[in-house]
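[1] Okay, here's the prediction I keep looking at, along with the sequence it came from:
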Protein chains: 2
Amino acid sequence: MSPDETSGNRGTASPAASGDERLHGEAAIIAFLVPLTAGDAGAAGLADDCAVLTPEPGTELALTTDSLIEGVHFFPGEVPSFKALAVNVSDLLASGATPYRYLLNLALPEPPTTSFMRQFTAGLAAAQAEFGCCLVGGDTDRTPGPFTITITAIGKLPAGKAVRRSTARAGDLVVVTGTIGDAGLGLLLRRELSRSLATRLTEEHRSFLVARHQRPCPNVATAELVRRYASAAMDISDGLAKDLRRLARASGVGADVDMSRVPLSAAAASFCADAGVSRQRLITAGEDYELAMAVPPERWLALQSSAGGLGIAVTAIGTITQGSEVVWRDAEGRRLPLDSEGWDHF
Amino acid sequence: MSPDETSGNRGTASPAASGDERLHGEAAIIAFLVPLTAGDAGAAGLADDCAVLTPEPGTELALTTDSLIEGVHFFPGEVPSFKALAVNVSDLLASGATPYRYLLNLALPEPPTTSFMRQFTAGLAAAQAEFGCCLVGGDTDRTPGPFTITITAIGKLPAGKAVRRSTARAGDLVVVTGTIGDAGLGLLLRRELSRSLATRLTEEHRSFLVARHQRPCPNVATAELVRRYASAAMDISDGLAKDLRRLARASGVGADVDMSRVPLSAAAASFCADAGVSRQRLITAGEDYELAMAVPPERWLALQSSAGGLGIAVTAIGTITQGSEVVWRDAEGRRLPLDSEGWDHF
């Protein structure tokens, strides 16, 4: 259930469809991207090598960058431009930053078609509208390798308010947003290796899980929750178990977590009940793009109230501890050893 | 003489040498990169998904991004990390920005060896020392494609002082820094397709031209010259002819340029004299990483004086004109039609 198991018949590298005008020249590609700047002055119509940002006084910028590579992070033939921006936004939100601007590096194995560019830019336009940011610059290249989308996202936040993963304190609650494991199940379904596992899944549940993998949609309002309530935070991209251990290690603490309290969607709960997929599998699956936070207990009620007002689910699943071990337990308090933790490319 | 003619036996994708420890796990790769942050607080030891920048009041940021792809932009087996930062710095300088911070996306076809990582980070360390910036974040990925280095460079400049390519005015002088065409000749030499052309080249000249291709080294002091004297500027990466036409088009002007005044290095002049390579070929070769500027004539003497004090050669080669055509002439004023203009990936 790791991302690179999406690679099936790699090598066709086919953003291009047939019977469609093929674009020649970088200028023709850039012309499709210009509307995504929404007229931002710093983008200069993508007619310059540099974008210019003018942060307001008292503002800091958070920067993050992530690539999606065909055959590694997405299926051949997909055009996951929405997701490419979403996964970067997820990192910004975890630091408490609100999405602001982004850069795009587009590497294509062949000149794209107009229909490809329309699909590609429609995904980004939808993501920009959802997350409230715009394109300001980038780079396009022809590559002998796979179609690759690299986004560098820039967020803004009040000076001194960035939240790190390294500042959790013993006694804090371990809190997660949303539900865990949906995207991993969505990937299983998309790989179609698991039809027998999911025969009793409703179509609605199936669509929900697939969408959670294909089009993760972090809620930008979580940035403010992080800034106001979290002592430490990170987004969950490589699996809750692995990412929580990273947060604990960076903070020099441990954690004691109740696996039975890990929040599951109705679809995931149904999948687990019907197909025998374990919760352990869900916490080691990647691509949740939810947040894990350490929250001082005295702020927990206020966080619940604020999150409720924003329509964001928050669940306390355990406690940050002294020491250096992350201990997972079942509902009866028995330790649950993990077979593996999560995803690593190398 | 286009960049992707460097692709010879693509596919081996070999940053790794033999008889050397191979690194497993992203954490081991990141450990090699941490020293490049030079302890910058915003980089947080590369232990976070976001870097944080705190621009000084009254400061704007310029951002640019460029990828170098093995087999497209560099020869298989090369580790062009110095160049990867240099080509981005070149873009910053053209906007008048001083290098400040950068992000790195590293895509590797196989787990790297320690010797590869040492070579890779040594190149970046040398470039950081030369350009005065440090690493603050990034992303590492395994790829089924070629070794790819993507850098996003961030420069700073006084608010409102960014220089664009779109603001040249009729009557401005067309000025270039340094010498033109060296890197194109260096690439010819490196491809070893031109031994017969260059038999009378001295070893010193040969080394110079190869270095100009392999390790371009823009002078960071040009940022101040751009801010103080240029009405428009851009860096010359795809060939002087093409990039000058881009500057003219973006500004809604034309230019009248004397090809005989295009500054050549002693090595390039010797190459041209001995091997019959034309100046036209030099102004359509890429990767100069010098600057083309439009300079109001009343500022020309002051620019010459300032540039001289900084050890930067500046040469006026023509004039910005009304209209929309870039006209190249020989020393006698006769028009020289260009066969091709320069490099385009698509």
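    Okay, I see it. Residues are numbered from 1 along each chain as shown, chains lettered A, B, ... in the order given.
[2] Quick one: check stretch A:25-32 for contact with chain B.
    Yes: contact of stretch A:25-32 with chain B is found when judged by C-beta under 8 Å from any C-beta of the partner chain, involving A:25-26, A:28-29. C-beta here means a position set from N, CA and C on the backbone, and glycine is covered the same way.
[3] I'd like the residues you listed as TSV, with neighbour count and pLDDT appended.
    Supplementary listing: the residues of stretch A:25-32 next to chain B in TSV, determined by neighbours: other C-beta atoms under 10 Å in any protein chain shown; pLDDT from 0 to 100:
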residue	neighbour count	pLDDT
A:25	12	86
A:26	18	88
A:28	16	94
A:29	19	96
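[4] Save those residues as TSV, and put in secondary structure too.
    Output for the residues of stretch A:25-32 next to chain B, formatted as TSV (DSSP: H, G, I helix; E, B strand; the rest coil):
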residue	secondary structure
A:25	coil
A:26	helix
A:28	helix
A:29	helix
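[5] between those, which is closest to residue B:144?
    Checking the residues of stretch A:25-32 next to chain B against residue B:144 with C-beta to C-beta, the nearest one is residue A:29 at 23.1 Å.
[6] With adjacent residues omitted, what lies nearest to the closest one?
    Spatially, and ignoring its direct neighbours in sequence, residue A:29 is nearest to residue A:140 (5.3 Å; C-beta to C-beta, 6 or more residues apart in numbering or on different chains).
[7] what's the helix or strand for that neighbour?
    Under the assignment given by DSSP states H and E, the secondary-structure element containing residue A:140 is strand A:134-142.
[8] going on from that strand, what's the next piece of helix or strand?
    Next along the chain after strand A:134-142, taking DSSP H and E as the criterion, comes strand A:148-158.
[9] Tell me how far residue A:124 lies from chain B.
    Here residue A:124 is placed at a distance of 16 Å from chain B (C-beta to the nearest C-beta, to the nearest Å).
[10] Turn the residues of stretch A:25-32 next to chain B into a markdown table, columns for distance to residue A:182.
    As requested, the residues of stretch A:25-32 next to chain B are arranged in a markdown table below (distance: C-beta to C-beta, whole Å):
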| residue | distance to residue A:182 |
| --- | --- |
| A:25 | 41 |
| A:26 | 38 |
| A:28 | 38 |
| A:29 | 34 |
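[11] Strands of chain A, start to end?
    Read by DSSP state E, chain A holds these strands, from start to end of the chain: A:51-53, A:59-69, A:98-108, A:134-142, A:148-158, A:173-177, A:232-236, A:254-258, A:290-295, A:314-321, A:326-329.
[12] Residue B:117: which of those strands is closest?
    Closest approach to residue B:117 among the strands of chain A (C-beta to C-beta): strand A:59-69, 19.0 Å.
[13] Name every strand pairing with the closest one and say which way it goes.
    With DSSP bridges as the test, strand A:59-69 is paired with strand A:148-158 (antiparallel), strand B:51-53 (antiparallel).
[14] what distance separates stretch A:178-196 from the centre of its chain?
    Stretch A:178-196 has its C-alpha centroid displaced from the chain centroid by 16 Å (C-alpha atoms, centre = their mean, to the nearest Å).
[15] For it, what does the pLDDT average out to?
    Averaged across stretch A:178-196, the pLDDT comes to 85.
[16] CA atoms only: put that stretch into PDB for me.
    Taking Å, rounded to 0.1, in the frame of the first residue of the first chain, the C-alpha atoms of stretch A:178-196 are listed here in PDB:
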ATOM      1  CA  GLY A 178     -10.300  14.300  10.200                       C
ATOM      2  CA  THR A 179     -10.100  10.500   9.700                       C
ATOM      3  CA  ILE A 180      -7.100   8.300   9.200                       C
ATOM      4  CA  GLY A 181      -6.400   5.600   6.600                       C
ATOM      5  CA  ASP A 182      -9.000   6.500   4.000                       C
ATOM      6  CA  ALA A 183      -6.400   7.400   1.300                       C
ATOM      7  CA  GLY A 184      -4.600   4.100   1.900                       C
ATOM      8  CA  LEU A 185      -7.800   2.200   1.400                       C
ATOM      9  CA  GLY A 186      -8.600   4.400  -1.600                       C
ATOM     10  CA  LEU A 187      -5.300   3.400  -3.100                       C
ATOM     11  CA  LEU A 188      -6.000  -0.300  -2.500                       C
ATOM     12  CA  LEU A 189      -9.300   0.100  -4.300                       C
ATOM     13  CA  ARG A 190      -7.700   2.000  -7.200                       C
ATOM     14  CA  ARG A 191      -5.100  -0.700  -7.700                       C
ATOM     15  CA  GLU A 192      -8.100  -3.100  -8.100                       C
ATOM     16  CA  LEU A 193      -6.100  -5.800  -6.300                       C
ATOM     17  CA  SER A 194      -8.700  -5.800  -3.600                       C
ATOM     18  CA  ARG A 195     -12.000  -6.300  -5.300                       C
ATOM     19  CA  SER A 196     -12.700  -9.400  -3.300                       C
END
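[17] Buried ones in that stretch, by neighbour count?
    Buried residues in stretch A:178-196, counting neighbours by 16 or more other C-beta atoms under 10 Å in any protein chain shown, are found at A:178-190, A:194.
[18] One more: stretch A:25-41?
    Across stretch A:25-41, burial judged by 16+ other C-beta under 10 Å covers A:26, A:28-30, A:32-33, A:36-37, A:40.
[19] got a list of contacts for it?
    Stretch A:25-41 has contacts (C-beta atoms under 8 Å, 6 or more residues apart in numbering or on different chains) with A:23, A:43, A:45-46, A:52, A:101, A:104, A:106, A:112, A:114, A:117-118, A:120-121, A:124-125, A:128, A:134-136, A:138, A:140, B:344-346.
[20] Could you do stretch A:300-317 as well?
    Among residues not part of stretch A:300-317, those counted as contacts by C-beta under 8 Å, 6+ apart are A:173-179, A:219, A:221-222, A:224-225, A:228-229, A:257-258, A:261-263, A:295.
[21] Show me which of those residues are buried.
    A residue is treated as buried here by neighbour count (16+ other C-beta under 10 Å); on that basis the buried members of the contacts of stretch A:300-317 are A:173-179, A:219, A:222, A:225, A:229, A:257-258, A:262-263, A:295.
[22] Find the nearest non-adjacent residue to residue A:63, please.
    Of all residues apart from its sequence neighbours, residue B:51 sits closest to residue A:63 (C-beta to C-beta, 6+ apart), at 4.7 Å.
[23] Contacts only, for that neighbour.
    Neighbouring residues of residue B:51 by C-beta under 8 Å, 6+ apart: A:62-64, B:42-44, B:101, B:103, B:136-137.
[24] From these, pick the one nearest residue B:145.
    Each of those was checked against residue B:145 using C-beta to C-beta; the closest is residue B:103, at 20.0 Å.
[25] What are the phi and psi values at the closest residue to chain B within the stretch 101-250 of chain A?
    Proximity of the stretch 101-250 of chain A to chain B (C-beta to the nearest C-beta) peaks at residue A:145, 1.7 Å away. Note on residue A:145: backbone dihedrals following degrees, to the nearest 10 are phi -100, psi -160.
[26] centre of the chain versus the strand holding residue A:140, how much separation?
    Between the centre of strand A:134-142 and the centre of its chain there are 20 Å (C-alpha atoms, centre = their mean).
[27] neighbours around the spatially closest residue to the residue of the stretch 101-250 of chain A closest to chain B that is not a sequence neighbour, how many?
    Spatially, and ignoring its direct neighbours in sequence, residue A:145 is nearest to residue B:145 (1.7 Å; C-beta to C-beta, 6+ apart). By the other C-beta atoms under 10 Å in any protein chain shown criterion, the neighbourhood of residue B:145 contains 25 residues.
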